[in-house]
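Peer 1: generate coordinates for the sequence data below:
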Amino acid sequence: MGLRQWKGLGGREPVHDEGSVAVGFARWRAAFVTGFVLLVLAKAILAATLSPFGDEAFYWQESRHLAWGYSDLPPLTAWLIHLGEWVAGHGLLGMRWPFLLIGSSLPWLVRALAREIFDERAGWQAGLLCLALPLAGTLGVLALPDAPLTVAIMLALYALVRAMNGNRWRDWLMLGVALDLCWLTHYRAAMPMLAGLLLFVLTPRGRRQWRRGGFWLAMAVAALGLIPLIVSNWQQRGAGVAFQLVERNPWQFHVDALVQPLEQALACTPLMYALLLWAAWRCWQLRRHEGAPWDVLAVVSLSFIVLYFALGLFADDLRFRAHWPLPGYLPLLAALPVLLRSPGAWSKRVLRLAFGLAALGQLAGLLYLGMAASPAGAQALAGVKAFPARFVGWRESGAAAGALLDPVPRVLVADNFMLAAEIDFQLDGRVPVYVLSSPLNVKHGRAPQLAIWQRDEAALRRAHAGQAMLLAVDETALRVRERPEWLRTLCGRIEQPQPLQRLDLFEGRRRVAFYAGRVPASSSLAASADDRCLVWQRAHQAADAGD
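Peer 2: Model (predicted):
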């Protein structure tokens, strides 16, 4: 039998193939629903217990200052967090439940896409593969923009397939709304737009869409998502665009980025990654002979995979980026079960093995996050290189800050935006938290936003010069080689520092120190870096003791 064994535009009739991965779609449906329920329960437990990631806590701060956009992101992430806490109250699950709901819809979208272009059985098989893929299955545990962005891209692809087949106005409208949501979520919305452009230029079926009125309706609706970006960048003098396009990217070739395929193999699990690349190659071959739906699957998937690889050779190499190509893998999950339908048994075994290894990788990732969510688990990971430093220590630092503020009213200051956001989250915004001018703020594009909120170091000195100050210092926030230069300047940022409390957590993997002092009136002191600085000396002693 050939690969195109479906009827009509939607391919609703199941394929009766002796060489199928399983007989009948009922078993696949039962397996998918069971896996989906178990995975959602595990994700919900993690969402309710895992401490906020540093960036995640900053997005929570943004949700307390609703705006058209921010110096790091468009507004949708903050809006969703605001909605979550408005409905469920302040807390981990209150902040995360919208993302958990959105992320949990992804396997159903993959299933819907496979069902639309192939058949019912392929839909349940693809959905099950999505549950097992580590990058996709854990989506939504954290309140990060990747969940709404990935889901919006998949919704756009599903709408595009339906619109190209049926040319119905409602499908074109769905496409426009989905792209609108992409622009409201992240600047990486430019990638699905570019993938669509390549599809409409490189394929005969794509070129025919330029003459359809529905396509232009979709583009008009999608353009509405640019309005908040335009307004916020105008208000912030282009801070968002400058950070995403200039400040975070060196735009120089770095040879270490050639390891990206290895990173992707680890993130997807090696055999599944190899199968996905094979599926992309087969879709590219079949697009020439059979057209739909291979043209859409090939161009869209390869656009994300190849272009993000090329971009990674010159762009940001300091942040986690293994999730960038995920929207390119998801359509291939829809194609993979159909491409591996053959009379021989080898394809059945390979797919089962790939699924099993991916499921084990998914389980390992969930267990890792589960250990990070508990003090005992985090302690057990203290000796490993992959210690979850960004998920631990925040409860202790927030509790310590609150206890130190109770007896003596002071201005609360953190030495970087992540620590400030985490303490602010733990204290539920009861007191303002100011932030010193750490290089970490610039590296993550948060310095302009802190200035807009009047929570940066300059605002601290203007409003509170000479007042009592409680300074929280995360001695492990920066890379080891960057710490001395920063810590030596802190005595110029607090007058007469007096040590109050030290948190040496998880065998020294997290160290937070608290100092009492006064807010300097002059900013000239901050320029000096002195080896005699008490803050630096105590941090250096703690590091030596930990070694």
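Peer 1: going forward, measure contacts between C-alpha atoms and count neighbours the same way
Peer 2: Noted.
Peer 1: C-terminal to the helix or strand where Leu39 lies, what's the next element?
Peer 2: With elements taken from DSSP states H and E, the one containing Leu39 is helix 25-49. Next in sequence after helix 25-49, counting helices and strands by DSSP H and E, comes helix 54-63.
Peer 1: quick check: buried residues in the helix holding Leu39?
Peer 2: 25, 28-29, 32, 35-36, 39-40, 42-44, 46-49 (16 or more other CA atoms under 10 Å).
Peer 1: ranges for the strands of the protein?
Peer 2: Using DSSP state E, the strands of the chain run over 411-414, 433-435, 468-474, 495-505, 510-518.
Peer 1: output those strands as CSV; include the columns mean neighbour count and mean pLDDT.
Peer 2: Compiled in CSV, these are given as follows (neighbours: other CA atoms under 10 Å; pLDDT from 0 to 100):
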stretch, mean neighbour count, mean pLDDT
strand 411-414, 25, 98
strand 433-435, 26, 97
strand 468-474, 25, 97
strand 495-505, 17, 94
strand 510-518, 22, 95
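Peer 1: mind checking which of those is nearest Ala265?
Peer 2: Proximity to Ala265 (CA to CA) singles out strand 510-518 among those, at 29.8 Å.
Peer 1: what separation do you get for Ala136 and Leu258?
Peer 2: 23 Å (CA to CA, to the nearest Å).
Peer 1: quick one: mean pLDDT over the helix ranked longest in the chain.
Peer 2: Across the chain, the longest stretch assigned as helix under DSSP state H is helix 346-373. Averaged across helix 346-373, the pLDDT comes to 92.
Peer 1: which secondary structure elements does that helix contact?
Peer 2: Secondary structure elements in contact with helix 346-373, counted by 3 or more CA pairs under 8 Å, 6 or more residues apart in numbering; DSSP states H and E, are helix 25-49, helix 120-132, helix 134-137, helix 270-290, helix 375-380.
Peer 1: repeat that with 6 Å
Peer 2: Contacts defined by 3 or more CA pairs under 6 Å, 6 or more residues apart in numbering; DSSP states H and E place helix 346-373 against helix 375-380.
Peer 1: list the buried residues of the helix it packs on.
Peer 2: By neighbour count, with 16+ other CA under 10 Å as the criterion, the buried positions of helix 375-380 are Ala378, Gln379.
Peer 1: low pLDDT regions in the stretch 251-400 of the chain?
Peer 2: Residue ranges of the stretch 251-400 of the chain with pLDDT under 70: 317-320, 343-345.
Peer 1: what is the burial count for Ala521?
Peer 2: Residues near Ala521, counting by other CA atoms under 10 Å, number 18.
Peer 1: list the contacts for it?
Peer 2: With contact set as CA atoms under 6 Å, 6 or more residues apart in numbering, Ala521 has these partners: Arg461, Ala465.
Peer 1: re earlier: looking at the strands of the chain, spot the one closest to Phe253.
Peer 2: Within the strands of the chain, the stretch nearest Phe253 is strand 468-474; the backing value is 32.2 Å (CA to CA).
Peer 1: wait, which of the buried residues of helix 25-49 is closest to Val87?
Peer 2: Using CA to CA as the measure, the one of the buried residues of helix 25-49 that approaches Val87 most closely is Ala48, at 15.3 Å.
Peer 1: chain neighbours aside, what residue packs nearest to Ala539?
Peer 2: Nearest non-adjacent residue to Ala539, counting by CA to CA, 6 or more residues apart in numbering: Glu475, 6.5 Å away.
Peer 1: and Pro448, by the same measure?
Peer 2: Ser71 (6.2 Å).
Peer 1: can you name the residues that contact that neighbour?
Peer 2: The contact partners of Ser71, by CA under 6 Å, 6+ apart, come to Ala239, Gly240, Gln449.
Peer 1: how far away is it from Gly508?
Peer 2: 33 Å.
Peer 1: distance of Ala389 from Thr489?
Peer 2: Distance of Ala389 to Thr489, given as CA to CA: 24 Å.
Peer 1: actually Ala265, not the one I wrote
Peer 2: Shown here: Ala265 relative to Thr489, a distance of 42 Å by CA to CA.
Peer 1: now Trp28
Peer 2: Spatial separation of Trp28 from Thr489 under the definition CA to CA is 61 Å.
Peer 1: how about Arg64?
Peer 2: When CA to CA is the yardstick, Arg64 and Thr489 sit 31 Å from each other.
Peer 1: and Thr203, by the same measure?
Peer 2: Following CA to CA, the distance that separates Thr203 from Thr489 is 58 Å.
Peer 1: which one's more surrounded, those two?
Peer 2: Each of Thr203 and Thr489 had its neighbours counted (other CA under 10 Å), and the higher figure belongs to Thr489 (20 against 16).
Peer 1: got the phi/psi numbers for that one?
Peer 2: Main-chain dihedrals, Thr489, degrees, to the nearest 10: phi -90, psi -10.
Peer 1: how about it: what's its closest non-neighbour residue?
Peer 2: Of all residues beyond its chain neighbours, the one nearest Thr489 is Ala529 (4.4 Å), with distances taken as CA to CA, 6+ apart.
Peer 1: and for Ala31?
Peer 2: Leu128 (7.4 Å).
Peer 1: what's the burial count for the one you found?
Peer 2: 27.
Peer 1: Trp346 too?
Peer 2: Residues lying near Trp346 (other CA under 10 Å) number 11.
Peer 1: just the pLDDT for the residue nearest to Ala539.
Peer 2: At Glu475, the model reports a pLDDT of 95.
Peer 1: mind checking how far Tyr515 is from Arg455?
Peer 2: The gap separating Tyr515 from Arg455 is 19 Å, by CA to CA.
Peer 1: state the distance from the residue nearest the centre of the chain to Val299.
Peer 2: In the chain, the C-alpha nearest the mean C-alpha coordinate belongs to Asp146, at 3.9 Å (CA atoms, centre = their mean). Separation of Asp146 from Val299 (CA to CA): 22 Å.
Peer 1: ramachandran coordinates for the residue nearest to the residue nearest to the centre of the chain when sequence neighbours are not counted?
Peer 2: Closest residue to Asp146 in three dimensions, ignoring its sequence neighbours and counting by CA to CA, 6+ apart: Leu139, at 7.5 Å. The phi/psi pair for Leu139 (degrees, to the nearest 10) reads phi -60, psi 130.
Peer 1: any idea how far Ile81 is from Gly94?
Peer 2: Applying CA to CA to Gly94 and Ile81 gives a distance of 8 Å.
Peer 1: ok, the two, which is more surrounded?
Peer 2: Ile81 (27 against 19).
Peer 1: residue contacts, the nearest residue in space to that one that is not next to it in sequence?
Peer 2: Distances taken as CA to CA, 6+ apart put Met95 closest to Ile81, at 5.0 Å, once the chain neighbours are dropped. Met95 makes contact with Ile81, Gly84, Glu85 under the criterion CA under 6 Å, 6+ apart.
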